[in-house]
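Undergrad: got a structure for you, letters missing:
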């Protein structure tokens, strides 16, 4: 949009609530690094992310407090947005994903949610979690499986899932946990 004014609500959402190389690097809409993880394209995407936030959020807040929770969530979201932006510039050309990469706009809270989920899997590695209300697995296994699934998706490419954003969010969550242990902050 050259005029700077959106002509429809959909264009407004795309310009202000998705993150893209064009928007950040050329048009300097840095705020989309944050606003993008407050928008979702599909209801199922929103429901899955909000269910995970509802399931994990209270325990994390109780353990590290609201300020650290906000830092973990927002930091994971921003880092995942940046990783998704830079991925096309660092992807190995030998990977199938290089050919299939979709450089469109990114959105969703999955990177921020991944930071919470990985923090939880580090904090409570032996706690049994029930996935989709059926499958019971220890936290460490859940964390490892989600990373393995995203690594596979990242290598294969061809989907609209932001695997790099998920992995960056997970890495941020792990580093947040490790750094808080090293610094001796509240557990």
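TA: Received the coordinates, thanks. Model, not experiment: these values are computed from the prediction.
Undergrad: Can you get me a residue count around residue 121?
TA: 26 (other C-beta atoms under 10 Å). In short, each C-beta sits where N, CA and C put it, glycine included.
Undergrad: Name the SS class of the residue nearest to it when sequence neighbours are not counted, please.
TA: Among residues not flanking residue 121 along the chain, residue 143 sits closest, at 3.0 Å (C-beta to C-beta, 6 or more residues apart in numbering). Look at residue 143: counting by DSSP: H, G, I helix; E, B strand; the rest coil, its state is helix.
Undergrad: Repeat that for residue 10.
TA: helix.
Undergrad: circling back to that earlier point, give me the pLDDT value at the residue nearest to residue 121.
TA: pLDDT for residue 143: 93.
Undergrad: who's in contact with it?
TA: By C-beta atoms under 8 Å, 6 or more residues apart in numbering, residue 143 lies in contact with 117, 118, 121, 122, 125, 170.
Undergrad: Check residue 179 too.
TA: If a contact means C-beta under 8 Å, 6+ apart, then residue 179 has no contacts.
Undergrad: so it is in which element?
TA: Following DSSP states H and E, one finds residue 179 within helix 163-183.
Undergrad: now that helix: mean pLDDT?
TA: Averaged across helix 163-183, pLDDT comes to 93.
Undergrad: same deal with stretch 61-79?
TA: Mean predicted lDDT for stretch 61-79 stands at 96.
Undergrad: buried residues in that stretch?
TA: Along stretch 61-79, these residues count as buried under the neighbour rule (16 or more other C-beta atoms under 10 Å): 61, 64, 68, 69, 72, 73, 75, 76, 77, 78, 79.
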